[in-house]
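A.B. asks: turn this into a model:
(chains A and B)
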2 protein chains.
Amino acid sequence: MAIREEIHDLATRAARAAETLGDLNTSVKNAWLLRAAECLEAAKSEILEANERDMSEARENGTPEPLVNRLGLSGGKWEDMIQGLKDVAALPDPVGEITDSVLRPNGLRVSRMRIPLGVIAMIYESRPNVTVDAAALCLKAGNAVVLRGGSEAFHSNQALGKVLRQAARDTGIPEDAIGVVATTDREAIDVMMKLNREIDLIIPRGGPGLIRKVTENSTIPVISHDAGVCHIFIDASAEADMATAIVRDSKMRQMAVCNGLETLLVHRDASSTVLPQVLKALHEEGVEIRGDAETCAVFSEARPASEDDWAAEYLDKILAVKVVDDIHAAIEHVRRYGSDHTEVIVTNDYANGLLWQRRVSSSTVGVNCSTAFADGFRLGLGAEIGISTSKLHAYGPMGLEGLTTRKFVLTGEGQLRE
Amino acid sequence: MAIREEIHDLATRAARAAETLGDLNTSVKNAWLLRAAECLEAAKSEILEANERDMSEARENGTPEPLVNRLGLSGGKWEDMIQGLKDVAALPDPVGEITDSVLRPNGLRVSRMRIPLGVIAMIYESRPNVTVDAAALCLKAGNAVVLRGGSEAFHSNQALGKVLRQAARDTGIPEDAIGVVATTDREAIDVMMKLNREIDLIIPRGGPGLIRKVTENSTIPVISHDAGVCHIFIDASAEADMATAIVRDSKMRQMAVCNGLETLLVHRDASSTVLPQVLKALHEEGVEIRGDAETCAVFSEARPASEDDWAAEYLDKILAVKVVDDIHAAIEHVRRYGSDHTEVIVTNDYANGLLWQRRVSSSTVGVNCSTAFADGFRLGLGAEIGISTSKLHAYGPMGLEGLTTRKFVLTGEGQLRE
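C.D. replies: Numbers count the residues shown, from 1 in each chain, chains lettered A, B, ... in the order given. Now for the predicted structure:
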């Protein structure tokens, strides 16, 4: 079958399956999740063999070792993946929830009922565990999925998809609810992006090239998991130890995460008091400091920052640092260079704390806490399918609720408008 | 200035204005709405003169009289437009609302705060009162707007826009919050659709050609106000008088509305009892009945329907009618031919009423009421900017809340993740 027909067929079968998924009882969906965990354990050696094949092919192609490691499924990552399925089973089911139910003056009851979106296409790169995580969240929210992982994880994704479909058959769910693209040809993405009759939402997760390609060409609504150029602003009233601990946690916890700190802004009044202590702590842990002139003046190990540094998502042991006049200048800087991900103020000034929360329009805005809390688990969503930095539908960490919508339900006794 | 630069400049200035709109107190936004009503009254003769010019140019271009009438702003339409501003002023302000506020186990408070989307572009055809209605709703929700009305209403839209900007200046709101495209060149739309850095949402309202063009080419998220192929299903247990009244209200209230009835489905057991009475009532009011074979057999004035009739949005005195086996066949028909707008069942069967509400996934799903209730005012939203038939962000009638999003707000005392 030509790729065009193959992808169209996959999406059509997913759309057909989606018609019945919205009406599944929670217990059936949970049975699938738990059965999938069992089936994965049973097929573990087969899956890890496929995974090993992806990794050795990647090495043969000269892929750098850190990227090869991201492909790996064994050890702790395997256990996390299995536990993830059980965790999603334990989450409350958003589908069917009725809210905002009112009796209108004419006696007509108007309510909103939460329903699935329909068919969700995920286009992702590298880590094959996304195949399992994404299918689990989408199906728990009553959606069918079409999964298109990266070519570098092809064998792993095929092996995982096969098991997820097997678990569906075992629990009476149409296996077409989990569609796995069986080609590495990039034409598959071009075809998928135009199937707006079959697919309701497309979620790209990957590098800027992929995100741009999908945003610019998709005729299907897109929610993208985009860059995180996260800021912390140390206000004049910030307490030095708290500022140091928050900056350290935000920068050092893990490098390749979108909620990591990239640019530190500091109120001028704190630049000679709090700032040197903060930067010393980071520098001792091997972080390269790229500062503006005032930063370099108070911290001699800093290198001068260039204009590019203010917009950089380093995902590495590098930090851009700038001294600003006040909270307004900090907010202006975030507006100009930020990516609407996560911005935190460290302050002991009541009015400034409120001002920051109100005026900064990023998807997560914090006072006196680590940027690392911008995460679906940590914010209490239970799990996340990604972090959206565009404002439509879902903004910030996106959990089960973000994979649903609400319809209006009217209950009448013969009400007419005229 | 070339069109490209002109539109880019308009959007950039709107984005700059939007930075401060989210923080405006409700009283300031309401003052603008009421001042706009005053300014419109003061400029009434000037506006109606511009409107008269659009109408006479339309007549000279051979525009059919019903379409020329849609352009008109005088009489009741003027009063409705003025009253609309006052009504929006009276609506509760969605911005700043805090919900889902919880204390996490580590003492971090996590809340959701409702904020504006930013800049909303409206592309619309024909009726110039949309200029005022759309600006009112968008600004009340804290957004800037870029308005691009149809060339046939150019002079009216320019005159209205000028007054809305005047009212902004009078009340201390940046006038750039209301951007009105000052050209009829269609290149303006092509440019607008690609400004995804400046514009957060694009709402096309118009014919299928416009909707398709924007959906297929926009790099900005789109919420479209699309077709309404609405259905009523008369179940076996339906009471004949209620069915007749509901069908009549849904079909006859007004022809050119998207929530009007287009296809009537009837349970076979009601086809010889209820159906003839329903069709007789419509036929007497001049409705052409296009039925399947069974319909034609019980109602001799019916003409045979063709396949095209099942997907038609007539917006006219025509009704497609089909006899089906049962509620499941009716749901299947709606899935195949419907447009996710509004579907109503008339029934006295408890289980079928619940089944319809649960299984039909259109944006408005009703039991024993007119399809004409699919309307922001009638459903209690206060007002609507359109009715969305795609599931992302807003589904169904879209009011002030649909013009906002929610960010995560974290309140800590030094919480770290590690």
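
A.B. asks: for A:Ala153, give me its contacts.
C.D. replies: Residues in contact with A:Ala153 (CB atoms under 8 Å, 6 or more residues apart in numbering or on different chains) are A:Asp54, A:Leu71, A:Ser126, A:Arg127, A:Pro128. Bear in mind the C-beta positions are built from the backbone N, C-alpha and C, glycine included.

A.B. asks: just these: which are in helices?
C.D. replies: A:Asp54, A:Leu71 (DSSP state H).

A.B. asks: most neighbours among the contacts of A:Ala153, which one?
C.D. replies: Neighbour counts for these peak at A:Pro128, which has 30 neighbours (criterion: other CB atoms under 10 Å in any protein chain shown).

A.B. asks: what score does it have for pLDDT?
C.D. replies: We have a pLDDT of 94 for A:Pro128.

A.B. asks: excluding chain neighbours, what is closest to it?
C.D. replies: Excluding its sequence neighbours, the residue lying closest to A:Pro128 (CB to CB, 6 or more residues apart in numbering or on different chains) is A:Ser156, at 3.7 Å.

A.B. asks: that neighbour: how many residues sit nearby?
C.D. replies: A:Ser156: 27 surrounding residues under other CB under 10 Å.

A.B. asks: for chain A, give me the ranges with low pLDDT.
C.D. replies: By pLDDT under 70, the weakly predicted segments of chain A are A:1.

A.B. asks: which helix runs longest in it?
C.D. replies: In chain A, taking DSSP H as the definition, the longest helix is helix A:3-21.

A.B. asks: which secondary structure elements does the helix or strand following that one sit against?
C.D. replies: From helix A:3-21 onward toward the C-terminus, using DSSP states H and E, the following helix or strand is helix A:26-42. Counting contacts by 3 or more CB pairs under 8 Å, 6 or more residues apart in numbering or on different chains; DSSP states H and E, helix A:26-42 packs against helix A:76-90, helix A:129-140, helix A:154-170.

A.B. asks: wait, which of those is closest to B:Tyr350?
C.D. replies: Each of the helices and strands packed on helix A:26-42 has some distance to B:Tyr350 by CB to CB; the shortest is helix A:129-140, at 29.4 Å.

A.B. asks: need the CA coordinates for the closest one. PDB is fine.
C.D. replies: The C-alpha coordinates for helix A:129-140 follow below in PDB (Å, rounded to 0.1, in the frame of the first residue of the first chain):
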ATOM      1  CA  ASN A 129       8.300   5.100  26.200                       C
ATOM      2  CA  VAL A 130       6.200   8.000  24.800                       C
ATOM      3  CA  THR A 131       4.400   5.400  22.800                       C
ATOM      4  CA  VAL A 132       3.100   3.800  26.000                       C
ATOM      5  CA  ASP A 133       2.700   7.000  28.000                       C
ATOM      6  CA  ALA A 134       0.700   8.800  25.200                       C
ATOM      7  CA  ALA A 135      -1.500   5.800  24.400                       C
ATOM      8  CA  ALA A 136      -2.300   5.400  28.100                       C
ATOM      9  CA  LEU A 137      -3.400   9.000  28.600                       C
ATOM     10  CA  CYS A 138      -5.200   9.400  25.300                       C
ATOM     11  CA  LEU A 139      -7.200   6.200  25.800                       C
ATOM     12  CA  LYS A 140      -8.000   6.900  29.500                       C
END
